[in-house]
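Novice: for reference, the sequence and a predicted model appear below.
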Amino acid sequence: MSNTTNILTHFQIVKEIASLPDSAIMSAEHAALFLGISAKTLARLRQAGDGPAYIQYPQSGTKARNQRVNYTMSNLKAWRDKHTITSTMDAAVRRGLAFSSISDLITPQPFWVINNQVTNHVFCSTPEQFRENLNNPEATVSFMTWDAALGKQWINNQAREPFFNSYTKLLKGLIDAVKH
């Protein structure tokens with residue numbers, strides 16, 4: 001018998017992990033396998049507060065950064081399901097609504113502009129709005145940074161609000177980080 005017949009495929013491993021009950025507790029390495037990401041990426045997500053909820057039991061005599069991290073299957077599934085994308089438009093919306101670094105703020109983005117007023121981020125338009133703007137001779141695509149776009153007048157403030165809230169949340173986090 002060759003060694004290759006005893007080797008589990010990635011698919012088989014994920015299937016085995018997924019079959020565990022929601023209350024099952026697993027290591028960060030197994031959690032990363034289940035999510036299809038590296039353990040290093042999972043650690044970065046955890047450090048940034050963007051990853052799945054985890055468990056960390058205090059261990060006497062160890063520094064906080066050396067304590068073992070575990071995950072429950074229910075938290076992994078909930079986090080995974082929260083990040084399920086239904087279309088490329090959905091992915092674009094999520095990218096536009098989630099600022100995570102300063103470079104997100106200074107990278108010019110495409111916005112629909114009519115009469116010097118922003119209507120929306122191009123990728124956040126519904127297919128109908130996109131077609132309507134394409135056929136509107138007054139509608140143009142203007143590339144600008146988020147601060148420039150949010151500083152302009154918007155035709156629909158409801159379209160502006162989630163961007164503004166996310167933008168100010170990142171700025172507040174950066175200010176708080178500098179204070180400490």
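Specialist: Good, I have the coordinates. Numbers count the residues shown, from 1 in each chain.
Novice: doesn't residue 77 belong to a strand?
Specialist: No. Using DSSP: H, G, I helix; E, B strand; the rest coil, the assignment for residue 77 is helix, not a strand.
Novice: next, count neighbours for it.
Specialist: 15 (other C-beta atoms under 10 Å). The way it works is simple: take the backbone N, C-alpha and C, and place the C-beta from them, glycine included.
Novice: contact partners for it?
Specialist: When contacts are counted by C-beta atoms under 8 Å, 6 or more residues apart in numbering, residue 77 touches residue 22.
Novice: quick one: it and residue 105, what's the gap?
Specialist: 32 Å (C-beta to C-beta, to the nearest Å).
Novice: ok, now residue 152?
Specialist: In terms of C-beta to C-beta, residue 152 sits 15 Å off from residue 105.
Novice: outline the domain layout of the protein.
Specialist: Residue ranges for the domains of the chain, per automatic domain parsing: 3-82, 88-179.
Novice: format those as TSV; extra columns: mean pLDDT.
Specialist: Shown next, in TSV, are these (pLDDT from 0 to 100):
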stretch	mean pLDDT
domain 3-82	83
domain 88-179	81
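Novice: doesn't residue 112 fall inside a helix?
Specialist: No. With three-state DSSP as the criterion, residue 112 is assigned strand and is not in a helix.
Novice: leaving aside the residues adjacent along the chain, what's closest to it?
Specialist: With sequence-adjacent residues excluded and distances taken as C-beta to C-beta, 6 or more residues apart in numbering, residue 112 is closest to residue 119, at 4.2 Å.
Novice: in contact with the one you found, which residues?
Specialist: Going by C-beta under 8 Å, 6+ apart, residue 119 touches 111, 112, 113, 125, 129, 133, 139, 154, 155, 156, 159.
Novice: would you write a PyMOL line that selects the buried entries of those?
Specialist: The PyMOL selection below is limited to those of the contacts of residue 119 classed as buried (16 or more other C-beta atoms under 10 Å):
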select buried, resi 111+112+113+125+129+133+139+154+159
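Novice: residue 53: which of the contacts of residue 119 is nearest?
Specialist: Distance to residue 53 across the contacts of residue 119 (C-beta to C-beta) is lowest for residue 159, with 31.3 Å.
Novice: doesn't residue 126 make contact with the closest one?
Specialist: No. The criterion here is C-beta atoms under 8 Å, and residue 159 misses it with residue 126 at 11.0 Å.
Novice: one step back: so which of the contacts of residue 119 are in helices?
Specialist: Under the assignment DSSP state H, the contacts of residue 119 contribute 129, 133, 159 to helices.
Novice: could I get those as a markdown table with distance to residue 147?
Specialist: Below are the ones in helices among the contacts of residue 119 laid out as a markdown table (distance: C-beta to C-beta, whole Å):
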| residue | distance to residue 147 |
| --- | --- |
| 129 | 24 |
| 133 | 23 |
| 159 | 17 |
